[in-house]
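Participant: Structure of the sequence below:
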Amino acid sequence: MAGYNKFDPRLESLVIETLTLWDDAISGLTPEEKNVIAEAIQLQPQLASKITYERAHTGFTRIITVTEEDIARLYEQNLAAE
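Facilitator: So this is what the prediction gives:
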């Protein structure tokens, strides 16, 4: 499905489910750390470098594969907000 592999504000209004995957380069995180990062990136999907929307029966599932760069962006954004 062409066009469903980047952040799309139009599709965001149709997201009914989210899924967070982890890049192979990411290791050493505790389950608690992964939960915090997953929640943060799903709240700000425009920061994700690997995002896909899959068609569901009544909308879309947003799938984000978290990369090291995504974690760095989240960290920088949190520092800037403080």
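Participant: Please enumerate the helices of the protein.
Facilitator: Taking DSSP state H, the helices of the chain run over residues 9-12, 31-43, 68-81.
Participant: Need these in a markdown table (columns: mean neighbour count, distance to Arg62 and mean pLDDT).
Facilitator: For the C-beta atoms, the positions are set from N, CA and C on the backbone; glycine is no exception. Converted to a markdown table, the helices of the chain look like this (neighbours: other CB atoms under 10 Å; distance: least, CB to CB, whole Å; pLDDT from 0 to 100):
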| stretch | mean neighbour count | distance to Arg62 | mean pLDDT |
| --- | --- | --- | --- |
| helix 9-12 | 11 | 8 | 94 |
| helix 31-43 | 14 | 7 | 97 |
| helix 68-81 | 13 | 14 | 90 |
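Participant: Now distance to Ile51 too, for the ones you listed, in a markdown table please.
Facilitator: Output for those, formatted as a markdown table (distance: least, CB to CB, whole Å):
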| stretch | distance to Ile51 |
| --- | --- |
| helix 9-12 | 10 |
| helix 31-43 | 9 |
| helix 68-81 | 10 |
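Participant: Indicate which one of those is closest to Trp22.
Facilitator: Checking the helices of the chain against Trp22 by CB to CB gives helix 31-43 as the closest, at 7.1 Å.
Participant: coming back round to it: can you tell me which of the helices of the chain is nearest to Asp23?
Facilitator: helix 68-81 (7.0 Å).
Participant: what about the helices of the chain, which gets the closest to Tyr53?
Facilitator: Judged by CB to CB, the one of the helices of the chain that comes nearest to Tyr53 is helix 9-12, at 5.0 Å.
Participant: quick check, distance from stretch 55-66 to the centre of its chain.
Facilitator: Centroid separation for stretch 55-66 versus its chain: 11 Å, with CA atoms, centre = their mean, to the nearest Å.
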